[in-house]
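S.K.: one predicted model, sequence on top.
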Amino acid sequence: DAKTTQPNSMESNEEEPVHLPCNHSTISGTDYIHWYRQLPSQGPEYVIHGLTSNVNNRMASLAIAEDRKSSTLILHRATLRDAAVYYCTVSGGSNYKLTFGKGTLLTVNP
Amino acid sequence: EADIYQTPRYLVIGTGKKITLECSQTMGHDKMYWYQQDPGMELHLIHYSYGVNSTEKGDLSSESTVSRIRTEHFPLTLESARPSHTSQYLCASTRLTNTGELFFGEGSRLTVL
């Protein structure tokens, strides 16, 4: 599985946009890019995923670089409830298993 | 809301005891996974299953074992618990696709004294 690199931590102010970067330079052509987040004392929850095109859902947007070697999760207006560890992971094909790195700890200031 | 349940949520036991962590999902998902996570650390895949009677070891070696006799049930067992097994264990499931959303349970936090 392709490895991912994310900053250890990021900080944002409430109601401001947040851009969380992820590098996945060894991604293969069939790998999807997935983002999950984990709130304190909970299991991870799905945020968004994509293959080549940018994706939007009610939680966030995913911007994927043209060469697919990096992506950015965009929270359009951060709230205090968005404070969590955000994981970027890549996987695909029939052998579907997601591996998670240390992720990015997002702190949201009031 | 995800229909995947883990019990117990918290367990404190002595060394040498046998324990089973339960994981059940009511979504009819074929694929199920067990992850291990220490506080502030990454999740490590320790077991996964693609269906009934299918189990595989994950990326991190674990002394635990799993079974998959029914689609909805994926228990994890430690025959003889040790302090080094102290950790949080997270169960997850997804449909049999290569892009499916992974649904996680709330986790079982195990402490071995």
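M.R.: Thanks, I have the structure now. Numbers count the residues shown, from 1 in each chain, chains lettered A, B, ... in the order given.

S.K.: how about the helix or strand harbouring residue B:55: buried residues?
M.R.: Residue B:55 belongs to strand B:54-57 when assigned by DSSP states H and E. The neighbour-count check on strand B:54-57 (16 or more other Cβ atoms under 10 Å in any protein chain shown) flags residue B:55 as buried. Heads up, the C-betas are built off the backbone N, CA and C, glycines and all.

S.K.: please apply the same query to stretch B:85-104.
M.R.: By neighbour count with 16+ other Cβ under 10 Å, stretch B:85-104 contains the buried residues B:85, B:87-95, B:100-104.

S.K.: picking up where we left off before, packing partners for the strand holding residue B:55?
M.R.: strand B:43-51 (3 or more Cβ pairs under 8 Å, 6 or more residues apart in numbering or on different chains; DSSP states H and E).

S.K.: now do the buried residues in the strand it packs on.
M.R.: Within strand B:43-51, the residues scored as buried using 16+ other Cβ under 10 Å are B:43, B:44, B:45, B:46, B:47, B:48, B:49, B:50.

S.K.: excluding chain neighbours, what is closest to the residue in chain A that chain B sits nearest to?
M.R.: Nearest residue of chain A to chain B (Cβ to the nearest Cβ) works out as residue A:43 at 3.2 Å. Nearest residue to residue A:43 in three dimensions, chain neighbours excluded: residue B:104, at 3.2 Å (Cβ to Cβ, 6 or more residues apart in numbering or on different chains).

S.K.: dump the residue contacts of that neighbour.
M.R.: Counting by Cβ atoms under 8 Å, 6 or more residues apart in numbering or on different chains, residue B:104 touches A:43, A:44, A:45, B:2, B:4, B:90, B:91, B:92.

S.K.: next: residue B:61.
M.R.: residue B:46.

S.K.: quick check, pLDDT for it.
M.R.: What the model reports as pLDDT for residue B:61 is 82.

S.K.: please enumerate the strands of chain A.
M.R.: For chain A, strands defined by DSSP state E occupy the ranges A:9-13, A:18-23, A:32-38, A:45-50, A:55-56, A:61-64, A:70-75, A:84-91, A:104-109.
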